[in-house]
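Asks: This is a predicted model, with the sequence first.
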Amino acid sequence: QSALTQPASVSGSPGQSITISCTGTSSDLGAYNYVSWYQQHPGKAPKLLIFDVRDRPSGVSARFSGSKSGNTASLTISGLQAEDEADYYCASYSSSSTLVVFGGGTKLTVL
Amino acid sequence: QLQLQESGSGLVKPSQTLSLTCAVSGDSISSGAYSWSWIRQPPGRGLEWIGYIYHSVTTYYNPSLKSRVTISVDRSRNQFSLKMKSVTAADTAVYYCARVHGSGPRWFDPWGQGTLVTVSS
């Protein structure tokens, strides 16, 4: 069981927007703005999409955006494209002894 | 451009030691500007953070793995390594190395391509 809770799957049609939630606790996601999001295509390594809740690395499309409210962080993908179909993981720094916690991952299907 | 490449034993027998290396190109581990981490992913499952090393000598491990894991740096070869002893089938996973940003750590980027380690007799 992962420390952060994500929906197992979400889906959307091309051009639509979808949001993936990531719920933690007051020891991790709720206490720190150290939330990151990763995209993983089948058989590939995870790729950083968002860091520090809402910042995008250079080269990542502006269609990807992050936010946080309380103990829940969210990743929004706007203007869905076929190549967005992948698994998405959230992660957070934690004050617990684990230090870094990941979500269980969300499979995005583009219909 | 920073690149990381994992290598090591792809098949390990139960109770033996898993050994992996991450070669770093495009940056010097010795600079101390970043920390370096290992993360794994069992087949069909999510990501699990293993641990990281910073300042080339200070380590921090996931408590669930701490008794079996060692991460170290080889400055002369610009690489860092993972050793995990007493492995079982539950340690079968794709193992990734990654650069750590921020003290914390805060995020991981980039990642190596990953290497599959299978624990089986």
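Replies: Here it is on my side, so go on.
Asks: For the rest of this, base every contact and every neighbour count on C-alpha atoms.
Replies: Will do.
Asks: Give the burial count for B:Arg77, as a bare number.
Replies: Neighbour count of B:Arg77, defined by other CA atoms under 10 Å in any protein chain shown: 11.
Asks: ditto for the one 4 residues further on
Replies: If you count neighbours by other CA under 10 Å, B:Ser81 ends up with 22.
Asks: I'd say it and B:Val24 touch.
Replies: No. In this structure, B:Ser81 is not within contact of B:Val24 by CA atoms under 8 Å, at 10.9 Å.
Asks: which SS state does A:Ala45 fall under?
Replies: coil (DSSP: H, G, I helix; E, B strand; the rest coil).
Asks: So for it, what's the nearest residue that isn't a sequence neighbour?
Replies: B:Gln113 (5.2 Å; CA to CA, 6 or more residues apart in numbering or on different chains).
Asks: hey, C-alpha coordinates of the longest strand along chain A in CSV?
Replies: If you go by DSSP state E, chain A has its longest strand at strand A:86-93. C-alpha atoms of strand A:86-93 as CSV (Å, rounded to 0.1, in the frame of the first residue of the first chain):
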residue,chain,number,x,y,z
ALA,A,86,0.9,6.8,-19.6
ASP,A,87,1.2,6.2,-15.9
TYR,A,88,1.5,9.2,-13.6
TYR,A,89,3.1,9.2,-10.2
CYS,A,90,3.1,11.8,-7.4
ALA,A,91,5.8,12.0,-4.8
SER,A,92,6.4,14.1,-1.7
TYR,A,93,9.0,14.7,1.0
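Asks: Would it count as contacting chain B?
Replies: Yes. Residues of strand A:86-93 contacting chain B under CA under 8 Å from any CA of the partner chain: A:Ala91, A:Ser92, A:Tyr93.
Asks: most neighbours, which of the residues you listed?
Replies: A:Ser92 (33 neighbours).
Asks: The residue nearest to that residue when sequence neighbours are not counted: neighbouring residues, count only.
Replies: In space, not counting the residues next to it along the chain, A:Ser92 is nearest to A:Val35; the distance is 4.6 Å by CA to CA, 6+ apart. Using other CA under 10 Å, A:Val35 has 29 other residues around it.
Asks: Model confidence score at A:Val35, please.
Replies: In this prediction, A:Val35 carries a pLDDT score of 97.
Asks: How about A:Gln1?
Replies: 65.
Asks: repeat for B:His55
Replies: For B:His55, pLDDT reads 84.
Asks: Give the helix, strand or coil label for A:Glu83.
Replies: helix.
Asks: For chain B, see how far away it is.
Replies: 19 Å (CA to the nearest CA, to the nearest Å).
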